[in-house]
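> would you be able to build a 3D model of this:
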Amino acid sequence: MNTRLILPLFAALFLTLSGCGDGGNGDDGVAEPAGEGSTEPASEGSSSTMDAVKVKAQAAMDSAAEAGSQAMDALSEAAGVAKDQAEMLSAQADTETQDMIGQVKTYLEKNNLTSAEDLMAKLVELKDSLPESVREQIDALEGRLDKLQGQEQGQE
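As a prediction, the model looks like this:
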């Protein structure tokens, strides 16, 4: 993506610098002032050369602007794709978390405390990266699990 922007800039620089030469006139860059010792109008050739340089420079700037626009479009598109993928992953993680919470509830209803403890350990690890509403569900399940474990220990 950077080459799309850099190449037109180098082309513009090259065209600008190449237009600054004397065009092979051999007068060492010194132009005679108009009206002094000259019967010709002031450098008609250099005027057309300067116009050509301006046209080339403008074309190079337009090309660079187009490349910049294309780069911004590509960046915007990539950002949109990344956002969509992040939303999809987030939704998938929420679904998996809700499934795990449902499994813990089922284990607690069946009094399968070992399986519930295993899943709760995984949920507690994920807890900090989850939304507040899900954290509250996990906290409630931890309390319920602790209560059931206390009841089980009291029966022994």
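> element containing residue 93?
helix 44-109 (DSSP states H and E).
> and the next element down the chain from that helix?
helix 113-126.
> between helix 44-109 and that next one, find me the angle.
Counting by axes from the mean of the first three to the mean of the last three CA atoms, to 10 degrees, helix 113-126 points 160 degrees away from the direction of helix 44-109.
> what distance separates whichever helix or strand comes after helix 113-126 from the middle of the whole chain?
Downstream of helix 113-126, the next assigned helix or strand under DSSP H and E is helix 132-155. Centre-to-centre, helix 132-155 and its host chain are 42 Å apart (CA atoms, centre = their mean, to the nearest Å).
> and the angle from helix 132-155 to helix 44-109?
Going by the same axes, to 10 degrees, helix 132-155 makes 20 degrees with helix 44-109.
> returning to what we had before: which helices and strands does the helix holding residue 93 pack with?
Applying 3 or more CB pairs under 8 Å, 6 or more residues apart in numbering; DSSP states H and E, we find helix 44-109 packed against helix 2-18, helix 113-126, helix 132-155. C-beta: built from backbone N, CA, C; applies to glycine.
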